[in-house]
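Peer 1: How does the following fold in three dimensions:
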Amino acid sequence: MTATGTTATRTAEMKTTEMKTTTRLLTHEWLRTRGSLGTTFGVIALIGVLGSLLGATGWPALSQLGLALGMLAAVVAVPAVQLTLAADYWRTGYGRTGYFTHSIPVRGSTIFWVKLAWAMIVSLAALVLTAGLALLAWWAAARQSGLTSPSYSVLSDAWTTVTAAAPAWMIAAGLFAALASFLIWPVYYYFSVSVGHERRLAGLGAGGPVVVFVLVYVATQLLSLLGMIVLPFGVGEADGETLGIVRFDLLSEMAAGASASNNVMPVGFLAASIVLVVFCLWRTARSWNHKVALA
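Peer 2: Prediction:
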């Protein structure tokens, strides 16, 4: 066998081994978290369904309470499961079982990427639950107040309105941005937990990740502001009928005060978010490889 053939064979074997390792780690994530996730999903779904059904009864006071619970369940579904996984990430990576996790003969960053991938999968499942609970709450509100109930024709008409007002690429970008707005939070949570447990912050104990998360939040706001200033563009009416990319000068709008235009959504903050997410991903993977400090 030639040297080139040997190298190709070794590369293929390495890729196969990596795939098997990733599959085993993902399976372990499922087996370890299925209990807590099942409880979280079950409780939220139960509250959402019962709340909406109670809201649809029209009973004084109780129906309003039920409707509020139904809408609340839809709102908290994604954050609840993400925080459940963040607590598991903290416990298994830096808590009592942290030594076991870091003794696994796998590169630390590989474990991190698998944990993050599992968080994304679960978050998508939670989004499906959110959509279902939101439709149920909408139905309950319609029965109580006489609003239009959710139906295929209503949703189809809404989609037709959207497609008529914006080009396909903008709709796709908007959907992607909306989805990303839910999925970026595990990145911030995991970054905060990992960096907050490094040697320089280990003395703060549980306060380390909290301090880092606060700093991440502040950085998000500052970078978003900077992004909107550096990239003076937004989404607005480009020709009076359809949406498009238009110029949006944030500083001028702020100076205009009450007379400022309110029909443009700036997009510069998206670039800032991308930069921050990429940095958090890189830094968290590096922390798993080089900077773990267990108590």
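
Peer 1: Check this protein and tell me which residue is nearest its centre.
Peer 2: By CA atoms, centre = their mean, the chain has its centre lying nearest to residue 183, at 2.0 Å.

Peer 1: Run through the residues that contact that one.
Peer 2: Counting by CB atoms under 8 Å, 6 or more residues apart in numbering, residue 183 touches 120, 123-124. The C-beta positions use only the backbone N, C-alpha and C, and glycine is treated the same way.

Peer 1: at 10 Å what do you get?
Peer 2: Residue 183 makes contacts with 78, 82, 116, 119-120, 123-124, 127, 277, as judged by CB atoms under 10 Å, 6 or more residues apart in numbering.

Peer 1: so where do the strands sit in the stretch 151-295 of the chain?
Peer 2: Taking DSSP state E, counting those that start in this stretch as the test, the strands found in the stretch 151-295 of the chain are 233-237, 243-247, 265-266.

Peer 1: give me every residue that touches residue 111.
Peer 2: Under the contact definition (CB under 10 Å, 6+ apart), the residues listed for residue 111 are 21, 25, 28-29, 92-93, 101-102, 104, 285, 288-289.

Peer 1: now residue 130
Peer 2: When the contact criterion is CB under 10 Å, 6+ apart, the partners of residue 130 are 44, 48, 73-78, 182.

Peer 1: Just give the closest residue to it, not the sequence neighbours.
Peer 2: Nearest residue to residue 130, sequence neighbours excluded (CB to CB, 6 or more residues apart in numbering): residue 77, at 4.6 Å.

Peer 1: swap in residue 91?
Peer 2: Closest residue to residue 91 apart from its sequence neighbours, by CB to CB, 6+ apart: residue 97 at 6.5 Å.

Peer 1: The one you found: how many residues sit nearby?
Peer 2: Applying the criterion other CB atoms under 10 Å, we find 13 residues in the vicinity of residue 97.

Peer 1: Go ahead and confirm it touches residue 89.
Peer 2: No: counting by CB atoms under 10 Å, residue 97 stays clear of residue 89, with 11.3 Å between them.

Peer 1: before we move on, the earlier item: distance of the residue nearest to residue 130 from residue 119?
Peer 2: Here residue 77 is placed at a distance of 14 Å from residue 119 (CB to CB, to the nearest Å).
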